[in-house]
Every structure is written in C-alpha cells, then in structure tokens.
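**Student:** Need a 3D model of the sequence below.
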Amino acid sequence: MRLDKLLANAGLGSRKDVRKLIRKGAISVNGDRLNDPAAHIATEDFQTITINGRPLTLQHTVHLILYKPAGYITATKDSSLPHVLQLIEDDWMYADLFPVGRLDRDTTGLLLLTNDGQLGHRLTSPKWDVAKEYLVVTQGKPFNTEDVATFAAGIKLDDGLCKPALLKPQGDHAARLTITEGKYHQVKRMMSATGREVVNLTRTRFGPLDLTGLPEPGYYRLLDHSEVIPLYNLVQLDPPEI
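**Tutor:** Residues are numbered from 1 along each chain as shown. From the prediction side, this is the model:
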C-alpha cells in the first residue's frame, strides 16, 4: 500500500497533509526514515511505522459507503462469486470490513461497510427499525394514490405481514419505497403482491446515509466522523473517538 494512502486512512489528515509530513521526514518504517509519499509499505510492516518517533495507531473502526453495482453479491472474500469486497482497494484490507445487510446481486445502490460488529448487528436488527429507501422501477400495474395507503397498512407476504412502508409514486411505473425491515427479497415480493414486477432496484438511503459523494456504481468513500456519529446515535451506541 502507498505510504500516503495508509497514513490518510489511519486518520492523520488529508492526502495533502500526510504528504507534507512525509516530505518533512517525520515518518519512519522499520527504523528507516521515508521521504517518498508513493513508497510501498508491506502489510507486515504496518506495525513498525512511527511518526516523529511515536508508533502509528491504525484507525480501529472504519466505515465506508459503496455504490454497489449490479452483478456483485453482498458477501465476504470467502465467496467464489464476484463480491462487493473486490471493489475495495487493498488499502482497506487491514480493516477486516464486512457489509451491513444485503443487497441482491442485481440490485444497485448504497451499501455500508464497517468493521464494528456491534454497530452492524444493531443496524440490521428488526428492533431498531432502521429506514432503507429504494428507487423502484416496475412493469405491470401502474402506481396510484390507493397504493400509498396499501403499503402504509402493511403488505401481506407468505412469511407474515410487513411493517408499514412509505410509498411515494414517481409516475406510473416508478416509486420511492422506504421500509424498516430486511426480509428476503422484500421489496420485490411486496411489488409482486401488488401486481408488479421489479425491473430495476436501487437503494438510495440507509438510515442517515445517502449516495452523496458517490457519482456512479463502483465508487466508494470513507465516512467522516460527522457522518458516523448519527449512525451510532440511531442505535444508541457511543460513537468511536476520533
């Protein structure tokens, strides 16, 4: 991994800031002072990095958001199929990230990646009713004003009644749908139960997070501390210190 990327990922500042540190000779690896921001650092040498003689502490909790493209499953690197962690650069492999919740292989949109197990568990637990918004494009029965009340009352599926959902039609065959559950293929089954087939599905929001800063599928970015705090507050956890 490039030295400047590693230091930026560790929370020492922007890439520009850490390059200044490196060029000033403040960074040593295995006791050797480095002045090249592009120097490659092997994983086994991460723990030997010092800043002005002080050991570098890698950021313990990491949170990324990914604009998931179609064709990737929401799984870890152990999968034999194309998976979302293959979209993340090696810079973050030290963090042991995992996806929070699931998106179907053909579904696109917002996916949170973290290494905080407690946060991930709570965000996906039915107890906390974390809102997830989707942009749904369908074929079949057009949307109408009656559908708003139908979804708000709860759609009945084979495995039970869904919690109330917020439907906002965007025309005859598109709508924004907000749910607070994570049943198997839930959005597709809700649409099927009301006479529609989903032809395109994109998650646009997860709790307080949206696709801001992710211009197209395949892009991802690190959440800053101001974005992380609302996530922890949402499920009544103390946010990590900076």
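
**Student:** Show me the shaky parts of the protein.
**Tutor:** Under the criterion pLDDT under 70, the flagged ranges of the chain are 11, 57-59, 78-79, 91, 93-94, 242.

**Student:** same thing but 50
**Tutor:** Counting by pLDDT under 50, the chain contains no low-confidence residues.

**Student:** secondary structure class for the residue nearest the centre of it?
**Tutor:** With distances taken as CA atoms, centre = their mean, residue 112 lies nearest the centre of the chain, 1.6 Å away. Per DSSP: H, G, I helix; E, B strand; the rest coil, the secondary structure class of residue 112 is strand.

**Student:** likewise residue 7?
**Tutor:** Strictly by three-state DSSP, residue 7 counts as helix.

**Student:** Can you give me every residue that contacts it?
**Tutor:** Residues in contact with residue 7 (CB atoms under 8 Å, 6 or more residues apart in numbering) are 13, 18, 21-22, 27, 56. (Glycine included, C-beta is placed from N, CA and C.)

**Student:** and the spatially closest residue to residue 82 that is not a sequence neighbour, how far is that from residue 241?
**Tutor:** Spatial nearest neighbour of residue 82, excluding adjacent residues (CB to CB, 6 or more residues apart in numbering): residue 72 at 5.0 Å. Per CB to CB, to the nearest Å, residue 72 is found 33 Å from residue 241.

**Student:** swap in residue 156?
**Tutor:** From residue 156 to residue 241 the distance is 46 Å (CB to CB).

**Student:** which of those two has more neighbours?
**Tutor:** Neighbours were tallied for residue 156 and for residue 241 using other CB atoms under 10 Å; the higher tally belongs to residue 156 (11 against 7).

**Student:** Tell me the bridge partners for that one.
**Tutor:** residue 161 (DSSP bridges).

**Student:** I'd guessed it sits against residue 183; true?
**Tutor:** No - distance between residue 156 and residue 183: 12.0 Å, which falls outside the contact criterion (CB atoms under 8 Å).

**Student:** list the residues that contact both of the two?
**Tutor:** Common neighbours of residue 156 and residue 183 (CB under 8 Å, 6+ apart) are residue 162.

**Student:** Just give the closest residue to the residue nearest to the centre of the chain, not the sequence neighbours.
**Tutor:** residue 100 (4.3 Å).

**Student:** dump the residue contacts of that neighbour.
**Tutor:** Per CB under 8 Å, 6+ apart, neighbours of residue 100: 111-114, 119-120, 123-124, 206.

**Student:** now those residues: which count as buried?
**Tutor:** Among those, those classed as buried by 16 or more other CB atoms under 10 Å are 111-114, 119-120, 123-124, 206.

**Student:** Look up how far residue 75 lies from residue 39.
**Tutor:** Distance from residue 39 to residue 75, by CB to CB: 33 Å.

**Student:** ok, so what distance separates residue 231 from residue 20?
**Tutor:** 31 Å.

**Student:** These two: which is more packed in?
**Tutor:** Neighbours were counted for residue 231 and for residue 20 using other CB under 10 Å; residue 231 has more, 24 against 12.

**Student:** Angles on the backbone of that one, please.
**Tutor:** Here is the backbone geometry of residue 231 (degrees, to the nearest 10): phi -60, psi -50.

**Student:** With the one 4 residues further on instead?
**Tutor:** Main-chain torsions, residue 235, degrees, to the nearest 10: phi -110, psi 20.

**Student:** how many neighbours does it have?
**Tutor:** Neighbours of residue 235 (other CB under 10 Å): 19.
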